[in-house]
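In: build me a structure from this.
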Amino acid sequence: MSKYSVIVPVFNRPLEIQGLLESLRSQTNKDFEVVIVEDGSTEKCEHIVAKFYEDFPLQYSYQRNLGPSVSRNAGISLASGEYIIFFDSDCLLPENYFEVLDASLANHPLDMFGGPDTANKSFSAVQKAINYTMTAFITTGGIRGGRRQLDTYQPRSFNMGIKRKVYYAVGGFSNIHPGEDPDLSYRVRKAGYHVGFISEAYVFHKRRTTFSLFFDQVYRFGIVRVILAKWHRESLRLVYFLPTIFLLGNVLCLIFGFFISYWFLLPILFFTVMLFTGAMIKEGDPVVSVLAVFAGFIQFIGYGIGYLYAFIAVRVLKLDEKKVFKNLFFELGNIGSLVIDEEKDQ
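Out: So this is what the prediction gives:
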């Protein structure tokens, strides 16, 4: 039995899953098994998966399109490892990922953990720009794992690990997407388990390929954050409202700047310079840095609009989030009905 069970949901991304499997094949520590769950894809990856059956224990499962949470819950029923590791299909791993993970858990045991993500040199300029804004302190306040002292750190499902027993104990992923990963983190903490951040266990994570797709993603993030704050009152933090403050502040700066004095445009200019400078320091590429400015404004504006909309609907008007935002919820099987083989967990 392998120590780690890797669960990967995939939807219409055969080429990306090939890249992930190749990076798994290159691992220096191969004490893992892999379960690929095809979530109703029309572009199936079964023929890609077949190339790797001799490299490590590997299973492939197909289901109708039910969403990533259902895929992960289904995949875990096929897993046998002590730890469940979740990756997205668009991730690539450095070759020492499991070696680093092993060493960290040996020194600092955790029930649930996550690692950071970064851009690979092969990624497009847009993906690198989005990666910068999604990980930089100026745009996230450190909430995505940029600091070591993260008492409220929430692992993300693109790079997340959890003990199999703990996953079953808290009921697995819920039926919301996006937002299923922080929701799981909150429930794990409430149950008294230890959650932590492993900074060395990073993955190369491909971001959205266009700014329109990125806007849609962060818009949904804003909506979900309001819903999670309703479900988990302890998760309500000022930092999550900052993009909305940024949105409203920019609107006022533009109005006052054009009708009263150009001095009111200085905060927008200052933020632009900070984004560009920070991206240049990290990436060293002026093209990526210019794109990072656009990505930063899109991130704040998209998230801010989503958060404000959901706040008014859910917290002010007291509407049912599952009715107003029904496209974020889906059918979910009950993983509690699955039986764990106790001999596997000794």
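
In: quick check: residue 224 touching residue 327?
Out: No - contact criterion C-beta atoms under 8 Å: residue 224 and residue 327 do not qualify, at 11.6 Å. Every residue, glycine included, has its C-beta placed from N, CA and C.

In: ok, the two, which is more surrounded?
Out: The neighbour count for residue 224 versus residue 327, taken as other C-beta atoms under 10 Å, is higher for residue 224 (23 against 9).

In: for that one, give its distance to residue 171.
Out: Going from residue 224 to residue 171 by C-beta to C-beta, to the nearest Å gives 18 Å.

In: would you map the helices across the stretch 101-250 of the chain?
Out: 125-135, 137-140, 164-170, 180-190, 211-231, 242-259 (DSSP state H, counting those that start in this stretch).

In: how about residues contacting the fourth one?
Out: Outside of helix 180-190, the residues within contact range by C-beta atoms under 8 Å, 6 or more residues apart in numbering are 68-69, 111-112, 153-157, 160, 162, 166, 170-174, 176, 195, 228, 231-232, 234-235.

In: tell me, please, where in this protein the pLDDT is lower than the cut-off.
Out: Within the chain, the stretches with pLDDT under 70 are 141-151, 332-346.

In: give me the domain ranges for it.
Out: Annotated domains of the chain cover 4-209, 224-328 [automatic domain parsing].

In: what are the boundaries of the strands in this protein?
Out: Ranges of strands in the chain, per DSSP state E, are 4-10, 32-39, 58-63, 83-87, 91-92, 112-114, 117-118, 159-163, 195-197, 203-205.

In: partners of the first one in the sheet?
Out: Going back to what we said before, that points to strand 4-10. Using DSSP bridges, the strands paired with strand 4-10 are strand 32-39 (parallel), strand 83-87 (parallel).

In: now these in JSON lines, with mean neighbour count and distance to residue 127?
Out: Converted to JSON lines, these look like this (neighbours: other C-beta atoms under 10 Å; distance: least, C-beta to C-beta, whole Å):
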{"stretch": "strand 32-39", "mean neighbour count": "24", "distance to residue 127": "23"}
{"stretch": "strand 83-87", "mean neighbour count": "25", "distance to residue 127": "17"}
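
In: quick one, phi psi at residue 67?
Out: The phi/psi pair for residue 67 (degrees, to the nearest 10) reads phi 100, psi 160.

In: which residue, other than its chain neighbours, is closest to it?
Out: residue 330 (4.5 Å; C-beta to C-beta, 6 or more residues apart in numbering).

In: OK, contacts around the one you found?
Out: Neighbouring residues of residue 330 by C-beta under 8 Å, 6+ apart: 66, 67, 69, 70, 175, 177.

In: distance of it relative to residue 269?
Out: As judged by C-beta to C-beta, residue 330 and residue 269 stand 43 Å apart.

In: with residue 294 instead?
Out: If you go by C-beta to C-beta, the gap between residue 294 and residue 269 works out to 15 Å.

In: ok, residue 57 next?
Out: Note on residue 57: its distance to residue 269, by C-beta to C-beta, is 55 Å.

In: which one's more surrounded, these two?
Out: The residue with more neighbours, out of residue 57 and residue 269, is residue 57; 16 against 12, by other C-beta under 10 Å.

In: in space, what's closest to that one - neighbours in sequence excluded?
Out: In space, residue 57 is closest to residue 33, 3.8 Å off (C-beta to C-beta, 6+ apart).

In: wait, doesn't that neighbour sit right on residue 52?
Out: No - at 11.8 Å, residue 33 does not count as touching residue 52 under the criterion of C-beta under 8 Å.

In: mutual contacts of those two, please.
Out: Common contacts of residue 33 and residue 52, defined by C-beta under 8 Å, 6+ apart, comprise residue 58.

In: returning to that earlier point: any idea how far the residue nearest to residue 67 lies from residue 174?
Out: Residue 330 is 10 Å from residue 174, by C-beta to C-beta.

In: ditto for residue 219
Out: Remark: distance between residue 219 and residue 174 (C-beta to C-beta) = 20 Å.

In: so who does the residue nearest to residue 32 when sequence neighbours are not counted touch?
Out: Nearest residue to residue 32, sequence neighbours excluded (C-beta to C-beta, 6+ apart): residue 4, at 4.0 Å. By C-beta under 8 Å, 6+ apart, the contact set of residue 4 is 31, 32, 33, 81, 82, 83, 84, 85, 98, 101, 161.
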